[in-house]
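1. sequence first, then the predicted structure:
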Amino acid sequence: MAATPQGTLPSGKMVIENIGLLLSGALEHPILDADTIVVIDGRIDSIGYRADLNTDNAQILVDTQGTTVAPGLIDSHVHPVMGDWTPRQNQFNWIDSYLNGGVTTMISAGEVHTPGRPKDIVGLKAMAITAQRTFSNLRPGGVKLHAGAPVVEKEMVEQDFKEMAAAGVKLLGEVGLGGVKQADEAKQMVAWARKYGIQSTIHTGGPSIPGSGLIDADVVLEADADVIGHINGGHTALPLDQIRCLCESCSRSVELVHNGNELAALFAMRTTMELKQQERIILGTDSPAGSGVQPLGILRMIALLSSLGEVPPETVFCFATGNTARQRDLDCGLIEPGRAADFVIMDRAQHTAGSTILNSIKNGDLPGISMVIIDGAIRCRRSRNTPPADRLATLKGE
Ligand SMILES: [Zn+2]
């Protein structure tokens, strides 16, 4: 099962047992009353207490040793290019490093770092389709990367969106990173994308790197993209009153990123929670970026929002899993039957002051990862990047 080629679903049965804490990814019940998960052919089959489930004849039996299982983390905002290489800071195997940070799914917000990126319409469409294809065919480290996110330019017409959708493009890169920066133009492009089933994200805040521009709250609201991309800036945030206005004046996803302004992230989270709309909050890294590659970026966001933001860690985990899956219509991110069997197995880090894993995160520490599973296949054992976990999951027969 673990030896299946990348991109193909494993067949067979996996049982994950002796779970001490099961985080569901669902805001309405973030902790599940269960100690065992049964996986069949890469999908969650059943969840419950071992005595009540059919756990016979498993090809793979994972004993979590009383530790914590959560849905695999989703990074809602990455900028991939090709394979497992990023030219932004010229690193190889960055995606595999994020796998070691518990990330099992990534969403491209545009392959904008591609050297010599074409800006003519034929070229940008071809590049989007190529990225969609290459990352469908290849899963670096096993990570599911949804890519092929074109950055829209002014000369585009409705037919371009129709063609791209027919060719398999399902995402727009951040609106505002290309030539389209005016509200009315952005609104038209987003509407065409939506008409053909392409999900959109807009760049929010000041320019990221030389060559990009400011997108303020008025433009974001008029464009009406599905995701308010990095509402906390990428890296330069809008004034807090504009961030409040974005939270209050629309119902689109509120994306908080690691490569943004931390104060603005905490403010956007609190404002959205005061509105009782926490289901809108999703997390990303917006990486690779000027500040590099951050394999633990999503875990660090969870610790930041939980500790300084004073939100229970089990709730913040939902922002990085089930919320993103629901807002972006993904088949992962929640521990429920029929979903993709994507899990991260963790425990409190060695020598943390926190008495439990949740306590340690509330105190601002990161958990230690001992196993990551994607589509029912084990993709990494003890993480090479997190602090070492107190207790490690084991495989039967070891
Ligand atoms: Zn951006």
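-> Nice, I can see it.
2. show me where the stretch 101-250 of the chain has its helices.
-> For the stretch 101-250 of the chain, applying DSSP state H, counting those that start in this stretch gives helices covering 121-137, 158-166, 183-195, 217-223, 240-249.
3. looking at these, which is nearest to the ion?
-> Closest to the ion of these, according to CB to the ion: helix 217-223, at 11.7 Å. (Each C-beta comes from the backbone N, C-alpha and C, glycine too.)
4. the closest one and the ion in contact?
-> No: Helix 217-223 lies out of reach of the ion by CB under 5 Å from the ion, never closer than 11.7 Å.
5. quick one: average confidence on that helix?
-> For helix 217-223, mean pLDDT rounds to 97.
6. CA atoms only for it, dumped as CSV, please.
-> Only the C-alpha atoms of helix 217-223 are listed here, as CSV (Å, rounded to 0.1, in the frame of the first residue of the first chain):
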residue,chain,number,x,y,z
ALA,A,217,-10.7,47.1,0.2
ASP,A,218,-12.9,48.9,-2.4
VAL,A,219,-11.3,46.9,-5.2
VAL,A,220,-11.5,43.6,-3.3
LEU,A,221,-15.2,44.2,-2.5
GLU,A,222,-16.1,45.1,-6.1
ALA,A,223,-14.2,42.3,-7.6
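7. for that helix, name the packing helices and strands.
-> Applying 3 or more CB pairs under 8 Å, 6 or more residues apart in numbering; DSSP states H and E, we find helix 217-223 packed against helix 183-195, strand 201-202, helix 240-249.
8. coming back round to it: export the helices of the stretch 101-250 of the chain to a markdown table and tack on mean neighbour count?
-> Putting these into a markdown table (neighbours: other CB atoms under 10 Å) gives the following:
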| stretch | mean neighbour count |
| --- | --- |
| helix 121-137 | 18 |
| helix 158-166 | 16 |
| helix 183-195 | 19 |
| helix 217-223 | 20 |
| helix 240-249 | 17 |
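9. distance to L73 for those - can I get that in TSV?
-> Shown next, in TSV, are the helices of the stretch 101-250 of the chain (distance: least, CB to CB, whole Å):
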stretch	distance to L73
helix 121-137	18
helix 158-166	28
helix 183-195	26
helix 217-223	26
helix 240-249	23
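10. pLDDT score for I209?
-> Predicted confidence (pLDDT) at I209: the value is 76.
11. hmm, it is touching G290, no?
-> Yes: I209 lies in contact with G290 (CB atoms under 8 Å); the separation is 6.3 Å.
12. could you tell me how many residues sit around H79?
-> Applying other CB atoms under 10 Å, we find 26 residues neighbouring H79.
13. now it: how far from P288?
-> Distance of H79 to P288, computed by CB to CB, to the nearest Å: 6 Å.
14. spit out the residues that contact these two alike.
-> Counting by CB atoms under 8 Å, 6 or more residues apart in numbering, the shared contacts of H79 and P288 are T86, R88, H113.
15. low-confidence ranges, the protein, go.
-> For the chain, the stretches flagged by pLDDT under 70 are 1-9.
16. pull up the residues of the stretch 151-300 of the chain that are close to the ion.
-> Counting by CB under 5 Å from the ion, the stretch 151-300 of the chain sits next to the ion at E174, H203, S208, G234.
17. could you dump those into JSON lines with neighbour count added?
-> Converted to JSON lines, those look like this (neighbours: other CB under 10 Å):
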{"residue": "E174", "neighbour count": "29"}
{"residue": "H203", "neighbour count": "31"}
{"residue": "S208", "neighbour count": "24"}
{"residue": "G234", "neighbour count": "32"}
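18. ok, now which ones touch E336?
-> S24, A26, I44, I47.
19. show me what contacts the spatially closest residue to P337 that is not a sequence neighbour?
-> Among residues not flanking P337 along the chain, I44 sits closest, at 5.4 Å (CB to CB, 6 or more residues apart in numbering). Applying CB under 8 Å, 6+ apart, we find I44 in contact with I37, V38, I335, E336, P337, G338, R339, A340, A341.
20. I44 bridge partners, please.
-> V39 (DSSP bridges).
21. can you tell me how far it is from G333?
-> Distance, I44 to G333, using CB to CB: 11 Å.
22. do N54 as well
-> In terms of CB to CB, N54 sits 25 Å off from G333.
23. these two: who's more crowded?
-> Using other CB under 10 Å, the more surrounded residue of N54 and G333 is G333, with 30 against 11.
24. and V293, how many neighbours does it have?
-> By the criterion of other CB under 10 Å, V293 has 18 neighbours.
25. gap between it and the ion?
-> V293 sits 16 Å away from the ion, taking CB to the ion, to the nearest Å as the criterion.
26. ok, that residue - contacts?
-> T86, R88, Q89, Q91, W94, S97, S287.
27. got a winner among the residues you listed for most neighbours?
-> S287 (28 neighbours).
28. that one reaches P295, doesn't it?
-> No: using CB under 8 Å, S287 makes no contact with P295, being 9.2 Å away.
29. per-domain residue ranges of the protein.
-> Domain assignment for the chain by automatic domain parsing gives 13-71+334-395, 73-295.
30. chain center to the first one, what's the gap?
-> When you say that, I think you mean domain 13-71+334-395. Taking CA atoms, centre = their mean, to the nearest Å, one finds domain 13-71+334-395 lying 18 Å from the centre of the chain it belongs to.
31. end-to-end on that domain?
-> Terminal residues of domain 13-71+334-395 are spaced 14 Å apart (CA to CA, to the nearest Å).
32. ditto for stretch 90-109
-> Chord length of stretch 90-109, first to last residue, is 19 Å (CA to CA).
33. list the buried ones in it?
-> 93-109 (16 or more other CB atoms under 10 Å).
34. among those, which ones are in strands?
-> Using DSSP state E, the subset of those located in strands is V103, T104, T105, M106, I107, S108.
35. I'd say the fourth one and P140 touch.
-> What it means is M106. No: between M106 and P140 there is no contact under CB under 8 Å: 9.5 Å.
36. overlap of the contact sets of the two?
-> Shared contacts of M106 and P140, counting by CB under 8 Å, 6+ apart, come down to I95.
37. near the ion, anything from stretch 105-115?
-> No: figure legend: stretch 105-115 not in contact with the ion (CB under 5 Å from the ion); closest approach 6.7 Å.
38. sounds good, over and out.
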